[in-house]
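Asks: Kindly generate the corresponding structure for this input.
(2 chains)
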There are 2 protein chains.
Amino acid sequence: MIYDVAIVGGGPAGLAAAVNARRRNKQTVLISKEIMSSKIIQAHQIENYLGIPQISGPELMERMRKHAEVEGAINIKDEIQSIYPEEQLFNLVGRENAVEARTVVLAPGVSTTAEIAGEAEYAGRGISYCATCDGMFFKNKSVAMVGYIPEAEAEAAFLAEICAKVYYFPQYQPATDLDSRLVIVQGKPKAISGEGKVELLTTTAGEFEVAGVFIERAGRPVDQLMDGLHVENGFILVDYTQATNLPGVFAAGDCTGKPWQISRAVGQGQVAALSAVHYLSEVMG
Amino acid sequence: MIYDVAIVGGGPAGLAAAVNARRRNKQTVLISKEIMSSKIIQAHQIENYLGIPQISGPELMERMRKHAEVEGAINIKDEIQSIYPEEQLFNLVGRENAVEARTVVLAPGVSTTAEIAGEAEYAGRGISYCATCDGMFFKNKSVAMVGYIPEAEAEAAFLAEICAKVYYFPQYQPATDLDSRLVIVQGKPKAISGEGKVELLTTTAGEFEVAGVFIERAGRPVDQLMDGLHVENGFILVDYTQATNLPGVFAAGDCTGKPWQISRAVGQGQVAALSAVHYLSEVMG
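Replies: So this is what the prediction gives:
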């Protein structure tokens, strides 16, 4: 199955892109860990989504999710780790699935967790956001996993199978039955450093000599998703059609910058989908 | 009364701007001939406004109108003819009202009537969109009025008081009691021409020697609204904050280009209002 439009992210921008791509009768897949926006889910009341004067965050998300469902968008529950261009196609690789599509709409939102000092600098040189993808590079070495979400626990356990030592730094209240091979450390990460590659993780609980630092948080830096994607200050650069610098790749919502607002995300998701549809007919013929 | 934000246009972009400016507690006025979008009112069913899977055009407009009303935006029923900057202020001049505001959000939509050949070329050289404003320049001369809407009749009658001769070209089924001083001609305008200024109106009913052509339609070319506003191919140029080239002036919705879509307009209206709010605090202090 080769999809016409693959959408990365299940918040308002992604759902709007899904509805609009489906309205244009395109084979549409939406890939996201969850159909939700963590920021909206926490909103007690939303009063500026035009046409709906008052609604709770969870209820608005549910209405948006249903709308995309009604329109027939396929939903795959996964988190995209990387997107590789192949000729006339994109290969989207998740933790458990791989999807092929002719166009891509990036709508992953923004990470609400601050980056660790050194994180951007050592990207690709010992920093990883996917244990399943990169774990084997660190076979028999010592690594650290900084987990902001419980999903990190299973990833850390997998690393424990292949690495010499795995320091696990939970940044939340962790489960009590963590894998016994993990070295659990209660501390916040402060900095990543090393000579050209990761060698040291400095934390509030001391320094740790490691060859790799795995970081598991809700959302991930967008510039890690695709090689060559133009990103500025952490935001994907788009033009007024929501096109990125990569042909066939569009972006919408909070990942393109502020203000982080629902209507803005929905409008951009719509435009991104329509631009993808236009690209399919004009460029790919 | 000096408003913080004056919004020109009562479609989805204008209403979204009004809701968001009010949510930020700004004194907000929305000026429009009608709270509606003629394109939406004609829509039997709208299925791509995220969160509301199916709704008729008139019902969606009514929900949007009510939302802005609930938030306390002042609504003035008028059509803005010109906007003049004064120091730290804008003066918005309508047919019957003048409004002062610190910032402006332009959301007039697009005219669905094609321009007459020569219309753009002779702008300011014999073409006018406001008899009340410009009529005196044509005192004792012959002029033509091309009326696409019944509102043109009163404007034509005013011209008949001061001009030597007024040819009236109704582009709709006109009333039967038109001002007796008007020369009613049943014909479609084809071209405006002249040596450096308007001299001739060519129509399907023949040629007419006139010093001025007044054009009265629903909506008007946006580049006539403000001196110096950057417009390209009939659309107002904006950056990603919806700012125009004129400080304090923002634009949103169909007037900024295609695709002409409700969610896009709502998102842009929101961003324009938030940018105006930011301008008020950062630039005006």
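Asks: In contact with A:G194, which residues are there?
Replies: A:Y122, A:R125, A:G126, A:L200 (C-beta atoms under 8 Å, 6 or more residues apart in numbering or on different chains). Bear in mind the C-beta positions are built from the backbone N, C-alpha and C, glycine included.
Asks: Mind checking which of those are buried?
Replies: Among the contacts of A:G194, the ones that count as buried by 16 or more other C-beta atoms under 10 Å in any protein chain shown are A:Y122, A:G126, A:L200.
Asks: quick one: the nearest residue to the last one once chain neighbours are set aside from chain B, how far?
Replies: Leaving aside its sequence neighbours, A:L200 sits nearest to A:S193 (C-beta to C-beta, 6 or more residues apart in numbering or on different chains; 4.9 Å). Distance from A:S193 to chain B, counting by C-beta to the nearest C-beta, to the nearest Å: 36 Å.
Asks: Equivalent analysis for A:A160, please.
Replies: Per C-beta to the nearest C-beta, A:A160 is found 43 Å from chain B.
Asks: Send me the longest helix that chain A contains as PDB with only the CA atoms.
Replies: Longest helix of chain A, by residue count under DSSP state H: helix A:262-282. Taking Å, rounded to 0.1, in the frame of the first residue of the first chain, the C-alpha atoms of helix A:262-282 are listed here in PDB:
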ATOM      1  CA  ILE A 262      -5.600  25.500  17.800                       C
ATOM      2  CA  SER A 263      -7.200  27.500  15.000                       C
ATOM      3  CA  ARG A 264      -3.800  28.300  13.600                       C
ATOM      4  CA  ALA A 265      -2.900  24.600  13.600                       C
ATOM      5  CA  VAL A 266      -6.200  23.600  12.000                       C
ATOM      6  CA  GLY A 267      -5.800  26.200   9.300                       C
ATOM      7  CA  GLN A 268      -2.200  25.200   8.500                       C
ATOM      8  CA  GLY A 269      -3.200  21.600   8.500                       C
ATOM      9  CA  GLN A 270      -5.800  22.300   5.900                       C
ATOM     10  CA  VAL A 271      -3.500  24.300   3.700                       C
ATOM     11  CA  ALA A 272      -0.700  21.700   4.000                       C
ATOM     12  CA  ALA A 273      -3.100  18.900   2.900                       C
ATOM     13  CA  LEU A 274      -4.400  21.000   0.000                       C
ATOM     14  CA  SER A 275      -0.800  21.800  -1.000                       C
ATOM     15  CA  ALA A 276       0.000  18.100  -0.900                       C
ATOM     16  CA  VAL A 277      -3.000  17.300  -3.100                       C
ATOM     17  CA  HIS A 278      -1.800  20.000  -5.500                       C
ATOM     18  CA  TYR A 279       1.700  18.600  -5.500                       C
ATOM     19  CA  LEU A 280       0.300  15.100  -6.300                       C
ATOM     20  CA  SER A 281      -1.500  16.300  -9.300                       C
ATOM     21  CA  GLU A 282       0.800  19.000 -10.600                       C
END
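Asks: Report the angle between that helix and helix B:262-282.
Replies: Counting by axes from the mean of the first three to the mean of the last three C-alpha atoms, to 10 degrees, helix A:262-282 lies at 130 degrees to helix B:262-282.
Asks: List the contacts of the closest residue to A:S128 other than its chain neighbours.
Replies: Spatial nearest neighbour of A:S128, excluding adjacent residues (C-beta to C-beta, 6+ apart): A:D134 at 4.0 Å. Going by C-beta under 8 Å, 6+ apart, A:D134 touches A:S128, A:G212, A:F214.
Asks: among these, who's most crowded?
Replies: A:F214 (27 neighbours; other C-beta atoms under 10 Å in any protein chain shown).
Asks: Would you list the strands that the strand or helix carrying that residue pairs with, along with their directions?
Replies: Using DSSP states H and E, A:F214 falls within strand A:212-216. Strand A:212-216 sits in its sheet next to strand A:127-128 (parallel), strand A:142-147 (parallel), going by DSSP bridges.
Asks: can you put those in a markdown table and add mean pLDDT and distance to B:A205?
Replies: Compiled in a markdown table, these are given as follows (pLDDT from 0 to 100; distance: least, C-beta to C-beta, whole Å):
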| stretch | mean pLDDT | distance to B:A205 |
| --- | --- | --- |
| strand A:127-128 | 90 | 75 |
| strand A:142-147 | 96 | 79 |
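Asks: Over to A:R95. Which of the three states is it?
Replies: With DSSP: H, G, I helix; E, B strand; the rest coil as the basis, A:R95 sits in coil.
Asks: who's in contact with it?
Replies: Contacts were defined as C-beta under 8 Å, 6+ apart; by that measure A:R95 touches A:D78, A:E79, A:Q81, A:C130, A:T132.
Asks: again, only this time at 6 Å
Replies: The contact partners of A:R95, by C-beta atoms under 6 Å, 6 or more residues apart in numbering or on different chains, come to A:D78, A:E79, A:T132.
Asks: Show me how to select, in ChimeraX, the buried members of these.
Replies: This is how ChimeraX selects the buried members of those, with burial counted by 16+ other C-beta under 10 Å:
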select /A:78,79
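Asks: Tell me which of the contacts of A:R95 fall in helices.
Replies: Mapping those onto helices (DSSP H) picks out A:T132.
Asks: Right, I'll call it a day here.
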